[in-house]
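Asks: sequence unknown, structure follows:
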C-alpha cells in the first residue's frame with residue numbers, strides 16, 4: 001500500500017484572490033500513440049486547495065488511435081484533479097490549458113477535449129462542464145471552463161479528456177505530431193464574467209429538450225431547444241423569438257440593400273444556435289447582396305460549395321460563385337473583427353439520398369430530410385468530388401438549420417419565424433437535387449424552404465460563428481438591447 005501511495009503526488013495550492021496551479025503536460029502523437037509527463041509548480045497564499053493526481057491517473061497512454069466520440073470515456077487521454085474550498089466564502093474557478101505548442105495539423109475540429117465533473121473515484125461522470133476543440137486557440141491558450149462556483153467546504157472532482165475524433169477518412173496528416181501545454185486553474189472569491197454562451201442559456205431557462213413537431217411550421221416563440229450535433233450538445237432558437245439579437249460593436253452594413261438596411265447602419269445578427277463546441281452561430285439580419293450559388297448549373301458538381309475537389313470533404317477545389325463572394329466580403333469588411341470569429345463546421349451535404357430509376361434526378365441528403373420532416377445538425381460523409389463538410393470562418397445556413405428554426409417545406413410558408421423578412425428570400429448552403437440542372441435550397445420571400453436552380457440570383461445572408469471563449473458584456477438579446485461583442 002505504501003508503494004502504491006508513493007505513485008500519487010498531492011499538491012495543495014491556497015489562494016485568497018487568485019489561485020494558479022500549473023501542470024505541464026505533453027502529448028506526443030506518433031502513429032497515433034501518445035505519451036505525457038507531468039511536472040508541477042505552485043503558488044501558496046489563501047483558502048482554495050487544488051489536488052492534481054500525478055500517478056496512475058497521469059496522462060500516459062500508449063498506442064492511441066483516432067476514436068469515435070462515443071468511446072471517449074474508455075479510450076481518450078484522461079487527466080484528473082479536484083478542487084476543495086477550505087474557506088467560509090463561496091469561490092469561483094476558471095480552468096484553461098496555456099502555453100500551448102501545437103502543430104498546424106492538430107489545429108483541427110477533430111482534435112477535441114471535454115471536461116466533466118465526476119465522483120471522488122473519477123469513474124462516474126456527473127455532468128459535462130464544457131467541451132470543444134483546438135481549432136481556435138488564441139494567445140497559446142484554450143479556455144476549458146469559466147466561472148465554476150464552489151461552495152465553502154465543497155470538493156469538486158474533474159476528468160479532462162483529450163482525443164482525436166475518428167472521421168472514417170484518411171487522417172495521416174496527424175501522425176508524428178506533438179502537442180504540449182500546461183493546465184492552469186485560477187480562483188477568485190468574487191464571481192467573474194460569464195461566457196456569452198452560458199448567458200444565452202441562462203436567459204432562456206428552462207431549455208426545452210423534447211423534439212418539436214417538424215411536420216408543422218413554428219409560428220410562435222418556441223424558445224431555446226437542446227439537440228446534438230457532431231461536437232456535442234447544441235442549443236437552437238425556434239419560432240418567432242425576439243431575444244436572439246447580437247451586434248458586433250462598430251460593425252456596420254457596407255452597402256444598402258435598398259429596402260431593409262442602409263449603408264453605415266449598425267449591423268445586427270440573429271443567433272441560430274450554440275454549437276456543440278460552444279461556438280455561437282450567427283446569421284446576418286439581412287442580405288449583403290444578391291448572388292447566384294453558381295453562375296452555371298449544367299453539371300451536378302455545381303451543387304458544391306467547392307467542386308472538382310481532389311478528395312471528398314476537402315475544401316481544395318474550385319470555389320463556387322457564392323463562396324468567392326463571401327470570402328471576399330469577409331476579407332474586406334470583417335478583418336477588424338476576425339479575433340472574435342471561429343473556424344467552424346459548414347455542411348454542403350452532397351450525400352445522395354436517392355436516384356430516380358431513369359437516373360434523371362439525384363436527391364441529396366437535405367432534400368430527403370426536409371421532405372420527411374427530419375432535419376439534422378450532422379453532416380454526412382460524401383463520396384462526391386464536390387461539396388462535403390468545410391472548416392471555415394464564413395459560410396451560409398443549411399436548409400436543416402432553417403427547418404430547426406421553424407421553416408418547413410416547399411409548400412408551406414411561414415411569415416412569423418425569426419428568419420423571415422429582412423431580405424427578399426435568401427440562399428442556403430444545402431443542395432436539393434440535380435435534374436436538368438443543379439438545385440439549391442432557398443428561403444422564399446414568404447418563408448418557404450424552396451428549391452431553385454443554382455444559377456438563379458438570390459439574397460445572401462452570411463453566417464459566422466463567435467468563438468467559444470467570448471464573454472458576456474451587455475445586452476439581453478432583444479433588438480433594442482442586443483448581446484454585444486467587443487468594446
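Replies: In hand now; what should we look at? These numbers were taken from a predicted model, which means no experiment stands behind them.

Asks: can you list the weak-confidence ranges in this protein?
Replies: In the predicted model of the chain, residues 1-48, 50, 52-65, 312-313 satisfy pLDDT under 70.

Asks: And the helices in it?
Replies: 2-6, 72-75, 196-203, 321-333, 365-372, 399-405 (DSSP state H).

Asks: Check which helices and strands the second one sits against.
Replies: When contacts are defined as 3 or more Cβ pairs under 8 Å, 6 or more residues apart in numbering; DSSP states H and E, helix 72-75 packs onto strand 155-164. C-beta coordinates here come from the backbone N, C-alpha and C atoms, glycine included.

Asks: picking that back up, which one, of the helices of the chain, ends up nearest to residue 239?
Replies: helix 399-405 (7.8 Å; Cβ to Cβ).

Asks: Would you pull up how far that closest one lies from the middle of the chain?
Replies: 16 Å (Cα atoms, centre = their mean, to the nearest Å).

Asks: Point out the other helices and strands that that helix packs with.
Replies: strand 232-239, strand 266-274, helix 365-372, strand 426-434, strand 438-443, strand 449-453.

Asks: Pairing partners for the last one, with directions?
Replies: Using DSSP bridges, the neighbouring strands of strand 449-453 in the sheet come out as strand 438-443 (antiparallel).

Asks: Give me the contacts around the partner strand.
Replies: By Cβ atoms under 8 Å, 6 or more residues apart in numbering, the residues outside strand 438-443 that reach it are 293-294, 297-303, 366-367, 370, 399, 402, 407, 419, 425-428, 430-433, 449-456, 458.

Asks: Give the full set of residues in contact with residue 292.
Replies: 321-322, 454-458.

Asks: picking that back up, now the buried members of the contacts of strand 438-443.
Replies: Neighbour counting with 16 or more other Cβ atoms under 10 Å marks 293-294, 297, 300-303, 366-367, 370, 399, 402, 407, 419, 425-428, 430-433, 449-456, 458 as buried within those.

Asks: ok, how many other residues are close to residue 192?
Replies: 13 (other Cβ atoms under 10 Å).

Asks: hey, what's the residue lying closest to residue 157 once chain neighbours are set aside bridged with?
Replies: Counting by Cβ to Cβ, 6 or more residues apart in numbering, residue 157 lies nearest to residue 82, which is 4.4 Å off, once chain neighbours are set aside. Here residue 82 sits in beta bridges with residue 51, residue 157, as judged by DSSP bridges.

Asks: list the contacts for residue 82?
Replies: 50-51, 120, 155-158.

Asks: and residue 146, how many neighbours does it have?
Replies: For residue 146, using other Cβ under 10 Å, the count is 21.

Asks: Check the spacing between residue 319 and residue 309 real quick.
Replies: Counting by Cβ to Cβ, to the nearest Å, the separation of residue 319 from residue 309 is 11 Å.

Asks: more crowded one of these two?
Replies: residue 309 (20 against 16).

Asks: Roughly how far does that one sit from residue 473?
Replies: 40 Å.

Asks: Equivalent analysis for residue 390, please.
Replies: Using Cβ to Cβ, residue 390 is found at 30 Å from residue 473.

Asks: Now tabulate the helices and strands packed on helix 399-405 in TSV and tack on distance to residue 256.
Replies: Output for those, formatted as TSV (distance: least, Cβ to Cβ, whole Å):
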stretch	distance to residue 256
strand 232-239	27
strand 266-274	12
helix 365-372	32
strand 426-434	17
strand 438-443	21
strand 449-453	25
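
Asks: and residue 336, which of these is closest to it?
Replies: Here strand 266-274 is closest among those (Cβ to Cβ), at 12.6 Å.

Asks: who does the closest one pair up with?
Replies: In the sheet, strand 266-274 lines up with strand 232-239 (antiparallel), strand 245-252 (antiparallel), strand 280-284 (antiparallel) (DSSP bridges).

Asks: Quick check: bridge partners of the residue lying closest to residue 244 once chain neighbours are set aside?
Replies: In space, residue 244 comes closest to residue 271 once its chain neighbours are excluded; the distance is 4.0 Å by Cβ to Cβ, 6+ apart. Beta-bridge pairing of residue 271 under DSSP bridges involves residue 282.

Asks: in terms of contact, does residue 271 touch residue 279 like I think?
Replies: No. The criterion here is Cβ atoms under 8 Å, and residue 271 misses it with residue 279 at 11.3 Å.

Asks: Between the two, which contacts overlap?
Replies: With Cβ under 8 Å, 6+ apart, residue 271 and residue 279 have no common neighbours.
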